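In: structure of the sequence below:
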Amino acid sequence: MNQYQKSQEFEKKLGDELLKLGINFHYSYNIPGTKFRADLFISAPIRVILEIKQNIGAVMHLKRMSSQLTNLYSAFNHSVSLYLITFDELTQSQKNIFGSLPIEFLTIEKDIDKPEIKLARQIKLLIASEAKALKDLEIMRYQHQLIAIENEKAHEEEILQDTEDELINLLKYNSNLLDKYSSGDSSDKTYKAIEESQIKINKLVSDVEYYKHHLTDLKNAKSSVRKEIDREADEIFDLIKEVLPKIKDANQNKDFLDDSIFNRKPIKDGLFSDVLGSFQTFMSNDSFDILVKEVSDFEEEFESKHYTTAVLRIGRTLEYVIYTLVKSWGVNLNKQSMERIDILNNHFEKLKKHLIYFYTSEENEKERNKKRLIDAFKETGNALVDMQTDLDRIQDINLSKQIVNIDTLLRDVKNRYVKNDLIRNEIQKLIKSELINKLYSKRNEAAHANISGLRKDFSKEEVKELADTLNVVLFNLANIHDAITKSSS
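Out: Numbers count the residues shown, from 1 in each chain. Predicted coordinates:
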């Protein structure tokens, strides 16, 4: 058996032992959006790259190895743990070649029977320790969110009280004016004062409704954050149990194994299985189940050759993941911009529809469809003018039935963490890549008729390419999440 075969054999044995300990992984993991590949990749409860090297070789070989790991580390936006496993222990001078890379150097003990068992347990303890530290940071971040929610709640309650007081006084003033008017004072001055006060009343009523709605949102947000803290605390308890001496051996403690975050159900193989695991530990079970359902529905449509429907599923999955993550990151959704964007989207969708109807009309329908198109142009123009003259006004916010604008969400996150280079740069990279715009463009092609009135048919190859694009976007989002978690320190 040559050295390569020996290394491959040990990699297989180590993989079997990791699976026994409830650690799911991927062999020869291709990092989305890059040409790099890792020997073994563990996606949960933390992301770990395992590189197994049988032969260390000369200094030049170590430098190539260092360059390879540097590329892998950069691809993960410095948010992955690196474990380098060698058959011979590296000297300090050899380790120094890897510079400041945060590598955990592990050596296979060749003088013991089945060294893969001991190494797998060692890896699990390392993962448990690192995962606990990250969970501690997650809880710290959620606690900061609770403080921010309480502060915002107190501020909003104060504004609401002031607004209600102002409204009550204005209603009394308006009532006196109406009494005056009905008593015979029908002067233009009195009429104008009544009209102006009514406009102010309408605005204050709208503001009161907005603040009440916002306070309800804050109450719900507080409840959600507390649930996340409870979930993280439960997982920390599992991780702490992992390092207690009497239950270190998960194989001898079935109750612990069943209860451990290391023993989660493996993700079904599919187009997204490599990257989905990264979301498993920082999403609640309910949220993750919804994500898996979205992906499963896509793959069902894909296998059934319903390619247009599959493209629509890709769009839904992207929207769900980003919306769920942004809420968990403690970023207040910019409802004022979202509501206005939704208003414009509704008008432009209506305009597009009537454009298609007009240019594909039968002769006997052309005049009627032309009138409807002109009306749609007028409505869109009026909406633009109204919005331009009313940019600063807090309008009554209705929870949008439209999917929130993803570009708005990402820019809100970028602004929230503007001082953190890793977060800001990863978001900027994702925005500049225009991968999300590409997915949206194709989703819209699938959802709407094109200018000829015919639906766009997608091929299997096109849908597979879009799935690969979504994989890259999900990978970038996982990088952003890790960076946000570590920023809590």
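In: could you use CA atoms for every contact and neighbour count after this?
Out: Fine.
In: the chain: strands as residue ranges?
Out: Under the criterion DSSP state E, the chain contains strands at 25-30, 37-42, 48-53, 81-86, 103-107.
In: just put those strands in CSV and tack on mean neighbour count, distance to residue 483 and mean pLDDT.
Out: Converted to CSV, these look like this (neighbours: other CA atoms under 10 Å; distance: least, CA to CA, whole Å; pLDDT from 0 to 100):
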stretch, mean neighbour count, distance to residue 483, mean pLDDT
strand 25-30, 17, 21, 86
strand 37-42, 20, 18, 89
strand 48-53, 21, 15, 90
strand 81-86, 20, 13, 93
strand 103-107, 15, 18, 94
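In: looking at those, which is closest to residue 283?
Out: Minimum separation from residue 283 across the strands of the chain (CA to CA) falls at strand 37-42, 16.9 Å.
In: show me what the closest one is packed against.
Out: strand 25-30, strand 48-53 (3 or more CA pairs under 8 Å, 6 or more residues apart in numbering; DSSP states H and E).
In: reformat these as CSV; add distance to residue 288.
Out: Listed next are these as CSV, based on distance: least, CA to CA, whole Å:
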stretch, distance to residue 288
strand 25-30, 18
strand 48-53, 20
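In: any idea how far residue 28 is from the closest residue to residue 466 other than its chain neighbours?
Out: The shortest distance from residue 466 to any non-neighbouring residue, by CA to CA, 6 or more residues apart in numbering, is to residue 439 (6.7 Å). Residue 439 is 27 Å from residue 28, where distance means CA to CA, to the nearest Å.
In: again, but for residue 366
Out: As defined by CA to CA, residue 366 lies at a distance of 60 Å from residue 28.
In: what's the burial count for the closest residue to residue 446 other than its chain neighbours?
Out: Distances taken as CA to CA, 6+ apart put residue 308 closest to residue 446, at 5.5 Å, once the chain neighbours are dropped. Look at residue 308: counted by other CA atoms under 10 Å, it has 22 neighbours.
In: and residue 5, by the same measure?
Out: 11.
In: ditto for residue 407
Out: For residue 407, the neighbour count with other CA under 10 Å is 12.
In: now do residue 117 against residue 139, distance only.
Out: 33 Å.
In: now residue 96
Out: According to CA to CA, residue 96 and residue 139 sit 35 Å apart.
In: and if you look at residue 376?
Out: For residue 376, the distance to residue 139 equals 50 Å [CA to CA].
In: quick one: least confident helix or strand in the chain?
Out: One helix or strand of the chain scores below all others by mean pLDDT, DSSP states H and E: helix 254-259, with a mean of 43.
In: where does this structure dip in pLDDT?
Out: Filtered on pLDDT under 70, the chain yields the residue ranges 1-4, 242-261, 263-269, 332-342, 388-405, 448-456, 488-489.
In: can you give the domain ranges for it?
Out: Domain ranges of the chain: 3-108, 131-242, 266-487, per automatic domain parsing.
In: mind putting these into CSV with distance to residue 121?
Out: Converted to CSV, these look like this (distance: least, CA to CA, whole Å):
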stretch, distance to residue 121
domain 3-108, 8
domain 131-242, 10
domain 266-487, 19
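In: so which of those comes closest to residue 123?
Out: Counting by CA to CA, residue 123 lies closest to domain 3-108 out of the domains of the chain; the figure is 8.5 Å.
In: residues contacting the residue nearest to residue 278 when sequence neighbours are not counted?
Out: Spatially, and ignoring its direct neighbours in sequence, residue 278 is nearest to residue 43 (4.9 Å; CA to CA, 6+ apart). Listed by CA atoms under 8 Å, 6 or more residues apart in numbering, the contact partners of residue 43 are 24, 25, 275, 277, 278.
In: how close does residue 43 sit to residue 422?
Out: On the measure of CA to CA, residue 43 and residue 422 end up 20 Å apart.
In: with residue 91 instead?
Out: 32 Å.
In: so if I had to pick from these two, which one is more boxed in?
Out: Neighbour totals were compared for residue 91 and residue 422, and residue 422 leads with 20 against 8 (other CA under 10 Å).
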